[in-house]
Every structure is written in C-alpha cells, then in structure tokens.
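K.L.:
When you get a sec, could you give me coordinates for this:
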Amino acid sequence: MDAVGVLLALVMLFGVGLLTLAVVGAVKAAKAVAVKVERHETNARRAVENVTLKAKSYTKPGPQGRISATRLALRTSLDGTRLVLEAGLAEDGQLADSLQLLARLDAHAAELDGELRILEREPDAGRIAAKLPELRERAERITHSAETMRWAAQDRMQRFADDELTRLSQECESEAGALRHWDSSSAPSSSPASASASAPAPGAGAASGAGAQPRRFGLTSGGGRPSAEEVLGLADPLARIAQRLRKPSPGSSAGSSAG
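P.N.:
Numbers count the residues shown, from 1 in each chain. All right, here's what the predicted structure looks like:
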C-alpha cells in the first residue's frame with residue numbers, strides 16, 4: 001500500500017507539473033500574441049492617421065491645412081530616420097546610441113503632436129495664428145535633428161560599403177597577380193644532362209605508354225567530340241550490325257574444318 005501511495009503521489013506531482021507548464025506556456029503565448037496584435041494595431045492606426053493628415057493638408061486651406069502638414073512632416077521624418085537606423089543596427093552597433101537619441105526626440109515630437117492636435121480643434125482663429133508659428137518652429141527643429149541623424153547614418157553606411165568594396169578590389173587584384181605568377185624553378189629543365197637522364201630506356205616505351213596519363217580534350221579544342229552516330233543515337237545499332245557481319249557463316253566454318 002505504501003508503494004502504491006508513493007506512486008500515486010508521484011503521478012499527481014507529475015500531472016500538476018505538466019499542468020503548470022501548460023498554463024505558463026499559454027500565458028506567455030497569449031502575451032506574445034497580445035504584443036504582436038498591439039504592434040500591428042499601432043502601425044495600422046498610425047498609417048490611417050498619416051493618410052488622414054495627408055488628405056487634410058491638401059483639402060483644408062489656411063491654418064488647419066498647415067497644422068496637418070506640420071504633423072505629417074514630423075511623423076514622416078521620424079519614421080524615415082528610425083527605419084534607416086534600425087536597418088543599419090545589425091552591422092553597426094554605434095547606431096544604438098543614435099536610436100536612443102531618436103527615442104528622446106520622438107518623445108518631444110509626441111508632445112508637440114499633442115499640442116498641434118489641440119490647436120487643430122481650436123475654434124479661435126486668432127489663437128491659432130498666434131500659436132502656430134512657435135509650434136511649427138519647434139517641429140522644424142525636431143525634423144532637422146532627425147534628418148541630420150538619418151543623413152549621417154546613410155553617409156556612414158555608404159562609406160563603410162565603399163571601404164569594403166575597396167578592400168575587396170585590392171584582394172581581387174592581389175589574387176589575380178598571384179594567378180599570373182609562375183615559378184621558373186618548377187618548370188621542366190631543358191639542359192642536355194636532364195634530357196639524357198629523362199630519356200626513356202629501350203623497351204620501356206610500352207610500359208611508359210601504359211602508365212601515361214590519358215590525353216585530355218577541351219570543350220572547344222576539337223578533340224574528343226562525339227561522332228555523328230553518337231549524337232543521333234545510332235552508335236549501338238551500327239555496332240550490332242557490324243558484329244553480325246563479322247560473324248563467320250556456317251559454310252565457311254565447315255570448309256575450313258574439312259581442309
């Protein structure tokens with residue numbers, strides 16, 4: 001009974017452990033799915049807002065259109081800079097500092113976008129005319145800072161690519177020079193002593209011919225090309241016909257045996 005009880009306890013503990021692991025896995029999976037859905041939802045909402053701002057900047061004249069154009073330029077500049085920095089981060093770790101600066105700049109841009117959104121709903125035209133120049137000047141400063149980092153990162157990546165291409169070209173030139181270099185000491189000597197020493201002995205021609213390397217034909221040298229029969233697939237039938245013609249007839253074999 002004690003052994004059965006211990007076994008049941010172990011089975012229950014194992015089941016509880018499996019259930020706990022399943023619950024933890026399900027919670028982690030749910031959190032990952034929620035984060036992914038939230039990210040996609042944020043991107044979709046941002047895309048819709050950008051399209052709306054672009055439409056307002058074209059359709060609404062006056063201060064409302066300028067506010068929408070300012071918000072759109074601010075978002076476009078920050079998004080473009082983030083894409084460039086994130087694309088080069090895998091190859092250049094120094095861009096991580098630039099991404100941190102961009103995050104701080106993005107926080108200021110979010111505050112400014114909120115102020116512009118509030119100003120966009122302002123019914124007093126005088127208030128809009130008084131506040132809009134200051135807000136646009138702040139937006140231009142943020143946009144200029146983001147563009148400066150983006151252009152610097154692009155120039156940096158282009159410089160690294162040019163340097164890598166220069167090194168690769170130099171390595172290719174060095175390899176080409178090594179391929180053009182022939183060592184004269186390894187060439188066969190043409191002196192009389194070496195010629196007499198390398199001359200084959202009488203009777204050794206067959207042995208040397210048997211052990212010689214087979215002649216190699218190139219693709220365009222003309223030798224070793226398939227015959228017309230091989231190209232047309234008639235090599236085997238012609239060989240069988242020739243073999244039948246070479247077979248001795250029964251009359252000839254009987255006459256030779258009688259003689």
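
K.L.:
use CA for all of it now, contacts and neighbours both
P.N.:
Will do.

K.L.:
Low-confidence ranges, this protein, go.
P.N.:
The chain contains residues with pLDDT under 70 at 1, 37-42, 183-259.

K.L.:
Now do the domain split for it, please.
P.N.:
7-59, 61-174 (automatic domain parsing).

K.L.:
elements contacting the biggest helix by length in the chain?
P.N.:
Longest helix in the chain, counting residues (DSSP state H): helix 2-59. Taking 3 or more CA pairs under 8 Å, 6 or more residues apart in numbering; DSSP states H and E as the contact definition, the neighbouring helices and strands of helix 2-59 are helix 63-88.

K.L.:
Check which residues of the helix it packs on are buried.
P.N.:
63-75, 77-78, 81-82, 84-85, 88 (16 or more other CA atoms under 10 Å).

K.L.:
for stretch 123-143, same thing?
P.N.:
128, 132, 135, 136, 139, 142, 143.

K.L.:
how many other residues sit next to residue 8?
P.N.:
12 (other CA atoms under 10 Å).

K.L.:
Could you measure from it over to residue 131?
P.N.:
The spacing between residue 8 and residue 131, counted by CA to CA, to the nearest Å, is 76 Å.

K.L.:
mind checking the end-to-end distance for stretch 115-126?
P.N.:
16 Å.

K.L.:
Make a markdown table from the domains of the chain and add distance to residue 182 to it.
P.N.:
Shown next, in a markdown table, are the domains of the chain (distance: least, CA to CA, whole Å):
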| stretch | distance to residue 182 |
| --- | --- |
| domain 7-59 | 62 |
| domain 61-174 | 14 |
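
K.L.:
quick one, which of those is nearest to residue 181?
P.N.:
domain 61-174 (10.7 Å; CA to CA).

K.L.:
Kindly check the end-to-end length of the closest one for me.
P.N.:
64 Å.

K.L.:
count of residues packed around the residue nearest to residue 71 when sequence neighbours are not counted?
P.N.:
Leaving out its chain neighbours, the residue that sits closest to residue 71 by CA to CA, 6 or more residues apart in numbering is residue 113, at 6.2 Å. By the criterion of other CA under 10 Å, residue 113 has 21 neighbours.

K.L.:
Looks like residue 143 contacts residue 77 (just checking).
P.N.:
Yes: with contact defined as CA atoms under 8 Å, residue 143 reaches residue 77; the gap is 5.9 Å.

K.L.:
List the residues that contact residue 135.
P.N.:
112, 116 (CA atoms under 8 Å, 6 or more residues apart in numbering).

K.L.:
hang on, the earlier thing: work out for me the element the residue nearest to residue 71 sits within.
P.N.:
Using DSSP states H and E, residue 113 sits within helix 95-120.

K.L.:
Packing partners of that helix?
P.N.:
Using 3+ CA pairs under 8 Å, 6+ apart: helix 95-120 touches helix 63-88, helix 125-179.

K.L.:
Next, the buried residues of that helix.
P.N.:
95, 98, 99, 102, 105, 106, 109, 112, 113, 116, 119, 120.

K.L.:
out of the residues you listed, who's nearest residue 178?
P.N.:
For those, the nearest to residue 178 is residue 95 (38.9 Å; CA to CA).

K.L.:
so how far is residue 103 from that closest one?
P.N.:
On the measure of CA to CA, residue 95 and residue 103 end up 12 Å apart.
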